[in-house]
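**Student:** Just need the structure, nothing else, for what follows:
(one chain, ligands or ions: 1)
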Amino acid sequence: MEAELGHNPSYVWRSLLSAQELLREGSIWRVGDGRTIGIRSHKWLSHPSLFQDGVDQQLKVCDFINPHTKQWDRGKINAWFVLSSRDEVLRICPGNLESCDKLCWNEKKSQSPRRSRLWKLPIPPKVRTFVWQASSDILPTWANLVRRKVPIDLKCAICGTNDETVIHILWQCPLTRNVWALVRGRLQKCDSSAQTFLSLARTLMEKLPRRDLETWAMVTWSIWNAQNRFHFEATQTPPHAILKGPVPLMEDYPEAGM
Ligand SMILES: [Zn+2]
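**Tutor:** Next up is the predicted model:
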C-alpha cells in the first residue's frame, strides 16, 4: 500500500478527484449570484433542467437574473425553460448578487421518517452529514472508486478478504468488529450481517435508544478517519484509540452518551 502510494502519486490524485465527484453526486447548488452555476452543467434543480430548442447551453444561472432588480428575469425564463423547470426556478429565491453560489448537501433526499432521527441527534453536524453520506453510499471507498473506474484493487486493504464497501469498512471488517466489541451497551450485540450501510442504519434507527445511536454515529465517524489514516498516511490506529477518537469532539455535546 505504502509503496503504491509513493511510486504512483497520480493514483492518489485520481482517487481524490473521483472522491470529489462522488461527493458532488449527493449535492445540489444553492443559487447566490448565479455566476458559477451552468444552467445545464451543474445540478441546481431537483431534476435535470429542460429547455426550449435553441437555448445556449453555456449560459449561467446569472444570465437569468436581472442585475438591477436582483430577481429572476421572467421574460427570459418563460422563453427558454419548459414549464416544469420554469416553475421550480421561479420558486428559488436568488441570493443577492454579492453572495457566492454554494454547493450544499441535498438534505431533501434524506428526509424519510426513519432517517430523520439522524438529523435530531445531538452530534456535531459534520458527523451527521458523514453518516448521511455513508447511508447514501457516496463515500469514496475503494469499491466506489472502482465503480468510478479508478484502477485500484477492490479488496479491503486491511483484511484483504472482502471488497471494501461502506458496510464492510464501517461495520464488518475484522478490525472494525474489534472496535465495536469494545463499545458498551446494545451496539455490541447488534447483528453484523447487514447487506448495506443503509439497511444497517435503518435497523439501528428503529431499534436503538438515542444514546446508543449517538455512540454509533460518533464511532462510525472515527472508524472512517482511522481508515483514511491507513490509506493516506500508512498508519494503523488500534481499536481502543479509534474508540477514544470522538471523545474531544463530544465535549461540546454534553448530552451525548459516549
Ligand atoms: Zn476488511
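
**Student:** Look up how far residue 59 lies from the closest residue to residue 48 other than its chain neighbours.
**Tutor:** Nearest in space to residue 48, with sequence neighbours left out and distances taken as Cβ to Cβ, 6 or more residues apart in numbering, is residue 40 at 8.0 Å. All C-beta spots, glycine's among them, are computed from the backbone N, C-alpha and C. The gap separating residue 40 from residue 59 is 8 Å, by Cβ to Cβ, to the nearest Å.

**Student:** cool, residue 68 as well?
**Tutor:** 19 Å.

**Student:** who has more neighbours, these two?
**Tutor:** Higher neighbour count among residue 68 and residue 59: residue 59, with 15 against 7, using other Cβ atoms under 10 Å.

**Student:** Contacts only, for the more buried one.
**Tutor:** If you count contacts by Cβ atoms under 8 Å, 6 or more residues apart in numbering, residue 59 has them with 38-40.

**Student:** Measure how buried residue 190 is and give me the count.
**Tutor:** Residue 190 has 19 neighbours, counted by other Cβ under 10 Å.

**Student:** same question but for residue 85, I mixed them up
**Tutor:** Around residue 85 there are 19 residues (other Cβ under 10 Å).

**Student:** thinking again about what came up before, and the contacts of residue 59, which is closest to residue 104?
**Tutor:** Top of the list for closeness to residue 104, among the contacts of residue 59 and by Cβ to Cβ, is residue 38 at 17.0 Å.

**Student:** With adjacent residues omitted, what lies nearest to the closest one?
**Tutor:** Going by Cβ to Cβ, 6+ apart, residue 38 has residue 60 as its nearest residue, at 5.9 Å.

**Student:** ok, residue 235 to residue 209 distance?
**Tutor:** To residue 209, residue 235 is 34 Å away according to Cβ to Cβ.

**Student:** wait, residue 100 sits on residue 36?
**Tutor:** Yes - here residue 100 lies in contact with residue 36, judged by Cβ atoms under 8 Å, at a distance of 7.4 Å.

**Student:** more neighbours, those two?
**Tutor:** Shown here are residue 100 and residue 36; by other Cβ under 10 Å, residue 36 has more neighbours (16 against 11).

**Student:** Near the ion, which residues of the stretch 51-200 of the chain are found?
**Tutor:** 156, 158-159, 173 (Cβ under 5 Å from the ion).

**Student:** and these as TSV, adding secondary structure?
**Tutor:** Formatted as TSV, these follow (DSSP: H, G, I helix; E, B strand; the rest coil):
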residue	secondary structure
156	coil
158	coil
159	coil
173	coil
